[in-house]
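> Got a predicted model here, sequence first, then my questions.
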Amino acid sequence: MLHIINKSPFERNSLESCLRTASKGSTLLFIEDGVYAALEGSAKADTLRQAMQDYTVCVLEPDLAARGIAAKAMDGIKRVDYAGFVDLVAESERVQSWL
Amino acid sequence: MSEEMMEEGGTIKKFLYVNRKAPYGTVYALESLEVVLIGAAFEQDVSLVFMDDGVFQITKGQDTAGVEMKNFSPTYRALEMYDVEKLFVEKESLDARGLTEDDLLVPVEVMTSEQIRDLMEDQDVILSF
Amino acid sequence: MALEVGGKSVETDEEGYLVNLADWDEEIAGELAKSEGVEMTENHWEVVNFLREYYNEYQIAPAVRVLTKAIGKKLGPEKGNSKYLYELFPYGPAKQACKIAGLPKPTGCI
């Protein structure tokens, strides 16, 4: 299952809600303001590092670049482009968007 | 504060713009910037605060080509020419995001929450974005 | 709306400003100037090129007050004043020169 998060983890609880309910082995994809979750050294970094134990964590590269944090994203996160985004959706039986 | 304004009978007020949103996910940041630029024509005493996700508005290295949106971050560097020179950033917000002053594209004064509280109390008008 | 220049067609908005900054070239600038009734001289080009550089750097078309100040800094006080700029662009330097430079209408200009 694919979970898409598009809200900043510093402003909304989407990331926490997602992590509470996503089953192991799911894929998390961060897009739009959701990509701020990938910031190394932030107050959310440990939460995300923990999440990487149980989930495949992906981030939409153009959204990272737009926000000037492409060089500051944590290691271990898979970067995808728009085509990769489409593939993730197409491969997944179910998609939950944490709007 | 110009003498001229005072002679014309204009009153100069203290305006504070409080910016709390990240730049591209919503339109708040761009709207705020436009209001600041338009408002600059009135020659008031203007300050800007960046706190919470608002600090992301002025991070270096933004490149929006891939998302096909306008990168308006260079415009913050023009504010000085509009005589908008007082930019403040909340330290707690930077810390929570793993950022420092070096990550920002304009000169700012980093303030603690207590200092920002005092700054807010000192204003005539607060505009919230 | 569209502007036809030398066989090319470029898109403009209802006030005649270019929709795409990238469409601009000197030929199009000449055509835009003609529509504004401005005869381009070296001094006109100097302001137009200044505006394009300014936009490139700050992603904004400056207000007249800011333009005047910035031109004064770069080209000297005899050019950095509104009298000089209004002589070149009688209907407003920000409005007319920005249009000829292919920039959007300055923010706050109504």
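Sure, I can see it.
> burial measure for residue A:17, as a count.
Neighbours of residue A:17 under the rule other CB atoms under 10 Å in any protein chain shown: 14. For every residue, glycine as well, the C-beta is placed using N, CA and C.
> nearest residue to it other than its sequence neighbours?
Leaving aside its chain neighbours, residue A:17 sits nearest to residue A:98 (6.3 Å; criterion: CB to CB, 6 or more residues apart in numbering or on different chains).
> Do I have it right that the one you found meets residue A:4?
Yes: under the criterion of CB atoms under 8 Å, residue A:98 makes contact with residue A:4 at 6.8 Å.
> Compare neighbour counts for these two and give me the winner.
Between residue A:98 and residue A:4, counted using other CB under 10 Å, the more crowded position is residue A:4 (24 against 19).
> Assign the more buried one to helix, strand or coil.
Here residue A:4 takes the strand state, with states given by DSSP: H, G, I helix; E, B strand; the rest coil.
> next one: the one 3 residues further on
Classification of residue A:7 into helix, strand or coil gives coil, according to three-state DSSP.
> Let me see the backbone angles for the nearest residue to it once chain neighbours are set aside.
Setting aside the residues directly before and after it, residue A:7 is nearest to residue A:14 in space (CB to CB, 6+ apart), at 4.5 Å. Per-residue torsions, residue A:14: phi -60, psi -40 (degrees, to the nearest 10).
> Residue in chain A with the shortest distance to chain C?
Residue nearest to chain C within chain A: residue A:66 (14.0 Å; CB to the nearest CB).
> Could you pull up the residues touching that residue?
By CB atoms under 8 Å, 6 or more residues apart in numbering or on different chains, the residues touching residue A:66 are B:24, B:62, B:63, B:64, B:66, B:67, B:69, B:71.
> if we go to 6 Å?
Residues in contact with residue A:66 (CB atoms under 6 Å, 6 or more residues apart in numbering or on different chains) are B:24, B:64, B:67.
> on that earlier part again, ok, the residue nearest to residue A:7 - how many residues close by?
Counted by other CB under 10 Å, the residues lying close to residue A:14 total 22.
> hang on, isn't it packed against residue A:5?
Yes: counting by CB atoms under 6 Å, residue A:14 touches residue A:5, with 5.2 Å between them.
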